[in-house]
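Participant: compute the structure for the input listed below.
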Amino acid sequence: MKQRISYFPPEKMDAEMQKEMERCRREGTPRPESSAVRAHVPAAFWSFANSWRDLFKNGVCEHAIKELCRLYVSRSVQCDYCGNQRSIKAAGAGLIEDDVKDLLNFEKSTRYSDKQKAALACAEAITWHLDTDDAFWERLHRHFSEPELVELGCFIALTMGQQSWLRLLNIDHHQVLAGTSASMAPGFETPEALAQSKASEEYWAKKRATQEKAA
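Facilitator: Residues are numbered from 1 along each chain as shown. Next up, the predicted model:
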């Protein structure tokens, strides 16, 4: 599919932006392509980069829980670009690939802790515009402090907005500062592996679309 907004050339960025692009290439989440789109407007580039650093990579709320919420949003809005990335930091904290499989059925899954399910319920309510009641908020306050809830809510809103936009752009991995597999999900580490995984009938986005069509 045709890409809708071009990548701003990294070699035309200033030194600080190039440094951030190199971090994206080396560490991922985000990888360089989405940053290269935002680089058309330096204010947009830095607004996202700084917010992502402060709300996702750092902050007061457990990083692995935020990563689960990020991937829940990916599955919900069907952002292939974001959904095929994994946080290196979250993997280091023990998050494994099997933890991604039950995200859209998290309430019935035995894979997640009560705390993880509460965070995912927050992501669900924000993503799907659900009404909430006292029991919902009592559940959140049972597991998270108010600063954690503020960070979690702001992060979910940030990633949902960005993913809802990025999915429209038809961007993909291994197109800007290519050559690394940093933060790529298993089976998507190279251009060849990415193409093969996306062509499979078992590809997560393809299966989701088929299920929704059948419903």
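
Participant: show me what contacts the residue lying closest to residue 106 once chain neighbours are set aside?
Facilitator: In space, and not counting its chain neighbours, residue 106 is closest to residue 120: 4.5 Å by CB to CB, 6 or more residues apart in numbering. For glycine as for every other residue, the C-beta is placed from the backbone atoms N, C-alpha and C. By CB atoms under 8 Å, 6 or more residues apart in numbering, the residues touching residue 120 are 68, 69, 72, 103, 106, 112.

Participant: so what touches the one helix or strand residue 141 maps to?
Facilitator: According to DSSP states H and E, residue 141 maps onto helix 134-143. For helix 134-143, the external contacting residues (CB under 8 Å, 6+ apart) are 114, 115, 118, 119, 121, 122, 125, 149.

Participant: can I get the helix or strand just after it in CSV, CA atoms only?
Facilitator: Sequence-wise, the next helix or strand beyond helix 134-143 is helix 146-166, with elements assigned using DSSP H and E. The C-alpha coordinates for helix 146-166 follow below in CSV (Å, rounded to 0.1, in the frame of the first residue of the first chain):
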residue,chain,number,x,y,z
GLU,A,146,-2.9,8.3,42.1
PRO,A,147,0.4,9.3,40.5
GLU,A,148,0.6,5.9,38.9
LEU,A,149,-3.0,6.3,37.6
VAL,A,150,-2.3,9.7,36.2
GLU,A,151,0.8,8.4,34.3
LEU,A,152,-1.0,5.3,33.2
GLY,A,153,-3.9,7.2,31.8
CYS,A,154,-1.8,9.8,30.1
PHE,A,155,0.4,7.1,28.6
ILE,A,156,-2.5,5.1,27.3
ALA,A,157,-4.1,8.2,25.8
LEU,A,158,-0.7,9.1,24.1
THR,A,159,-0.1,5.7,22.6
MET,A,160,-3.7,5.3,21.5
GLY,A,161,-3.7,8.6,19.7
GLN,A,162,-0.4,7.9,18.0
GLN,A,163,-1.2,4.4,17.0
SER,A,164,-4.6,5.4,15.6
TRP,A,165,-2.7,7.9,13.4
LEU,A,166,0.2,5.7,12.5
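
Participant: how far does helix 146-166 sit from its chain's centre?
Facilitator: Remark: helix 146-166 is offset 10 Å from the chain centroid, using CA atoms, centre = their mean, to the nearest Å.

Participant: check stretch 183-197 too.
Facilitator: 16 Å.

Participant: can you point out the buried residues in it?
Facilitator: 183, 184, 185, 187, 188, 189, 190, 193, 194, 197 (16 or more other CB atoms under 10 Å).

Participant: secondary structure added to those residues, as CSV?
Facilitator: Listed next are the buried residues of stretch 183-197 as CSV, based on DSSP: H, G, I helix; E, B strand; the rest coil:
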residue, secondary structure
183, coil
184, strand
185, coil
187, coil
188, coil
189, coil
190, coil
193, helix
194, helix
197, helix
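
Participant: re the thing from before, what subset of the contacts of helix 134-143 is buried?
Facilitator: 118, 119, 121, 122, 125, 149.
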